[in-house]
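# Got a predicted structure plus its sequence, pasted below:
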Amino acid sequence: MTPEESRAADRKIVEAIRSGDTGAYRELVERYQGRVFAMVCGMVRDREEARDITQETFVKAYRNLDRFRLDSSFYTWLYRIAMNGAIDYLRRQKVRRHSEFNDEVGKKDGTGMVDSTHRKMDPGKDLERKRLRKKIFEALDQLSEDHRQILVLREIEGLSYEEIAETMEIPEGTVMSRLFYARRKMQSLLGGELEAV
């Protein structure tokens with residue numbers, strides 16, 4: 001499905017919900033819950049909190065569906081709600097927890113669900129990947145919220161500059177600038193680590 005077709009399909013579902021078919025919302029939840037969860041988990045690095053934030057995101061979106069502009073992307077609107085929830089959670093945390101990276105939060109298949117088959121059965125490589133992931137997430141923790149958010153949206157979620165600009169409500173030029181500085185900061189924090197992959 002092309003982005004335009006996806007937008008049109010989402011618009012039809014939203015219109016059906018506004019017309020009284022509340023059960024139609026389930027289709028939007030099923031379509032986007034895996035992707036929203038993966039993005040939130042990438043931000044907060046706590047699977048239980050990510051589940052709660054993902055659930056809250058869909059509840060908030062449903063309650064505020066009358067505010068959704070039909071000419072906008074539902075996906076982007078939903079991501080903005082989810083990202084704001086993740087950022088609010090991070091702001092409430094006085095001390096950030098440093099936990100091991102969960103291998104389930106990795107490569108996703110076409111539906112946005114996590115694909116655990118991406119790892120090769122090589123214990124040495126697996127150990128090296130785990131060590132590297134831990135270093136990457138420790139480096140992410142040292143970035144500002146804006147830089148972390150933009151890296152997650154671009155590198156983990158694969159959103160375009162235009163989609164990131166719409167999600168974060170900033171100009172595309174600002175997206176490019178923040179992404180440049182976020183990547184540069186990550187490179188300086190990781191040194192030559194990325195070459196080991």
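Yep, that arrived.
# got a list of contacts for stretch 20-31?
Asp10, Ile13, Val14, Ala16, Ile17, Phe58, Ala61, Tyr62, Phe74, Leu78 (CB atoms under 8 Å, 6 or more residues apart in numbering). Placement of C-beta: from N, CA and C, glycine included.
# Kindly tell me how buried the fourth one is, as a neighbour count.
Translated: Ala16. 15 (other CB atoms under 10 Å).
# Next, the contact list for it, please.
Ala24.
# Now do it against Ser144, distance only.
As judged by CB to CB, to the nearest Å, Ala16 and Ser144 stand 40 Å apart.
# And for Arg7?
31 Å.
# Those two: who's more crowded?
Neighbour count, other CB under 10 Å: between Arg7 and Ser144, Arg7 has more, with 18 against 12.
# May I have the predicted confidence score for the more buried one?
As predicted, Arg7 sits at a pLDDT of 85.
# That one is in what secondary structure piece?
helix 3-18 (DSSP states H and E).
# So which bits of that helix are buried?
The neighbour-count check on helix 3-18 (16 or more other CB atoms under 10 Å) flags Arg7, Asp10, Arg11, Ile13, Val14, Ile17 as buried.
# contacting residues around the spatially most central residue of the chain?
The residue lying closest to the centre of the chain (CA atoms, centre = their mean) is Met39, at 2.1 Å. Residues near Met39 by CB under 8 Å, 6+ apart: Tyr79, Ala82, Met83, Ala86, Val152, Leu153, Ile156, Glu157.
# Reformat those residues into JSON lines and put distance to Gln187, secondary structure and pLDDT next to each item.
Listed next are the contacts of Met39 as JSON lines, based on distance: CB to CB, whole Å; DSSP: H, G, I helix; E, B strand; the rest coil; pLDDT from 0 to 100:
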{"residue": "Tyr79", "distance to Gln187": "26", "secondary structure": "helix", "pLDDT": "88"}
{"residue": "Ala82", "distance to Gln187": "27", "secondary structure": "helix", "pLDDT": "92"}
{"residue": "Met83", "distance to Gln187": "24", "secondary structure": "helix", "pLDDT": "87"}
{"residue": "Ala86", "distance to Gln187": "24", "secondary structure": "helix", "pLDDT": "88"}
{"residue": "Val152", "distance to Gln187": "17", "secondary structure": "helix", "pLDDT": "82"}
{"residue": "Leu153", "distance to Gln187": "18", "secondary structure": "helix", "pLDDT": "82"}
{"residue": "Ile156", "distance to Gln187": "17", "secondary structure": "helix", "pLDDT": "74"}
{"residue": "Glu157", "distance to Gln187": "20", "secondary structure": "coil", "pLDDT": "75"}
